[in-house]
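[1] Just to be clear, the model below is a prediction. Sequence and coordinates:
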Amino acid sequence: MPTYLKNRLGRALLGVAITAGAVTAVAPVAQAAPPAGSVVSPAPRAHVPAPSADAPAVLGRAAHVIDAKTSKVYFSKKADLRVPVASITKVMTAYTVLKQAKPTDVVEVTAKDVRYASRGGASVAYLRAGDRLTVEDLLYALMLPSGADAAHALARTYGPGVDAFTAKMNANARELAMKDTLYVNVDGMPTKGGGYSTARDQVRLAQAALNNQLIKKVGSTRHRSIPETAEHRAYSWRNTNRLLRTPGTIGLKTGFTRAAGYTLAFAADRDGRQLVGVLLGESSSSRRFETAQALLDWAATSRQP
């Protein structure tokens, strides 16, 4: 048995009794109400057996964990429940940018980008108007400190305009068969209703995003500093993802709003497999990381067929 698993099997998290319904099969489930005006009903889902009784307890509203290569499902709890996903929206923002931009492209930050990010309590990368940064640097600003200013600058440039960029995000969601997802902005803040997605759809997005080596590298970076140049001031950003302290972990993105709770898209390389998961609607910031780690440990040694 791997050492990391031995060290974690004794944790209280894994010892919590799984109450009835805590882990459910992904049969057709009742969906959370979509934004006002939407009448689209999700298609019925195929039945997926519930994880075995020794699976970790998950107190968040929804979770889904798979093998990225085979799409084998290791764990599912209300994976098709439509809920807000907060800043893991920015995974789609990054994915959409890199479908049309080169990492070396240069974007100028405007006062509008800075003003937008300062409203509503969004996380920011403290970008300065007039600075000219590469797309790659802006992706670090987007993914590590979860900068809404970086999201706005990228969307404004590659929409062009935020509304057009958001439409591209939704088009990409359709291409990825994310049937229960609606993006209404580029940062996951609760403006315009905040949009919605599901754990299953966000795992599908994470699979696709991690096939892009730059997104994988950025999401796995704990700290990024760029020196001052004639084009921009110096910046230093730290990743909000505590899972990166564990060897083998691959990002991907944290999130939080009052409506969404604490959210997390996560992945790890284990014994030649890439495990990908999403946790939504957790009420405790620290517990989302503990739960994600427990799910990765459990899936890595699971004997499920």
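    Structure's in. What do you need? The structure presented is a predicted model; accordingly, all values stated were derived computationally and were not measured. Residues are numbered from 1 along each chain as shown.
[2] Now do the contacts for Ala177.
    Arg204 (CB atoms under 8 Å, 6 or more residues apart in numbering). To be clear about C-beta, it is placed using only N, CA and C from the backbone, and glycine gets the same treatment.
[3] So the nearest residue to Ser284 once chain neighbours are set aside: helix, strand or coil?
    With sequence-adjacent residues excluded and distances taken as CB to CB, 6 or more residues apart in numbering, Ser284 is closest to Tyr262, at 6.7 Å. Secondary structure, DSSP: H, G, I helix; E, B strand; the rest coil: Tyr262 is strand.
[4] Which pLDDT value does the model give Tyr262?
    We have a pLDDT of 98 for Tyr262.
[5] what pairs with it across the strands?
    On the basis of DSSP bridges, Tyr262 is bridged to Phe256, Glu282.
[6] Distance check, it against Thr249.
    17 Å (CB to CB, to the nearest Å).
[7] ditto for Leu264
    In terms of CB to CB, Leu264 sits 11 Å off from Thr249.
[8] And Thr301, by the same measure?
    Taken as CB to CB, the span from Thr301 to Thr249 is 16 Å.
[9] now swap in Val85 and tell me
    Counting by CB to CB, the gap from Val85 to Thr249 is 20 Å.
[10] Likewise for Leu98?
    For Leu98, the distance to Thr249 - CB to CB - is 22 Å.
[11] again with Ala122
    Distance from Ala122 to Thr249, by CB to CB: 26 Å.
[12] what does Gln202 give?
    The value you get for Gln202 to Thr249, if CB to CB is used, is 17 Å.
[13] out of these two, which sits in the busier spot?
    Neighbour count, other CB atoms under 10 Å: between Gln202 and Thr249, Gln202 has more, with 33 against 23.
[14] Show me which positions of stretch 152-162 end up buried.
    Buried positions in stretch 152-162, judged by neighbour count with 16 or more other CB atoms under 10 Å: His152, Ala153, Leu154, Ala155, Arg156, Thr157, Tyr158, Gly159, Val162.
[15] ok, now which ones touch the first one?
    Pointing back at His152 there. Lys112, Asp113, Tyr116, Ala117, Val162, Val186, Asp187.
[16] confidence score at it?
    So, for His152, pLDDT stands at 98.
[17] in the protein, what spans have low per-residue confidence?
    1-53, 303-305 (pLDDT under 70).
[18] at 50 instead, please
    For the chain, applying pLDDT under 50 flags the ranges 3-44, 46-47, 49.
[19] the longest helix in it is where?
    helix 285-300 (DSSP state H).
[20] where along the stretch 101-250 of the chain do the strands fall?
    Ranges of strands in the stretch 101-250 of the chain, per DSSP state E, counting those that start in this stretch, are 106-108, 132-134, 223-226, 235-238, 249-257.
[21] Who's the closest spatial neighbour of Arg270, skipping the chain neighbours?
    Ala300 (4.1 Å).
[22] Let me know which of the strands of the stretch 101-250 of the chain is tucked in deepest.
    Highest mean neighbour count among these (mean count of other CB atoms under 10 Å): strand 249-257, with a mean of 25.
[23] What about the contacts of His152, which are in helices?
    Lys112, Asp113, Tyr116, Ala117, Val162.
[24] Considering the residues you listed, which possesses the most neighbours?
    Counting by other CB under 10 Å, top hit in the ones in helices among the contacts of His152: Asp113 with 27 neighbours.
[25] Assess the claim that that one and Ala129 are in contact.
    Yes - the criterion here is CB atoms under 8 Å, and Asp113 meets it with Ala129 at 7.2 Å.
[26] ok, so what distance separates the residue located most distally from the centre of the chain from Asp131?
    In terms of distance from the mean C-alpha position of the chain, Ala230 ranks first, at 33.7 Å (CA atoms, centre = their mean). Remark: distance between Ala230 and Asp131 (CB to CB) = 11 Å.
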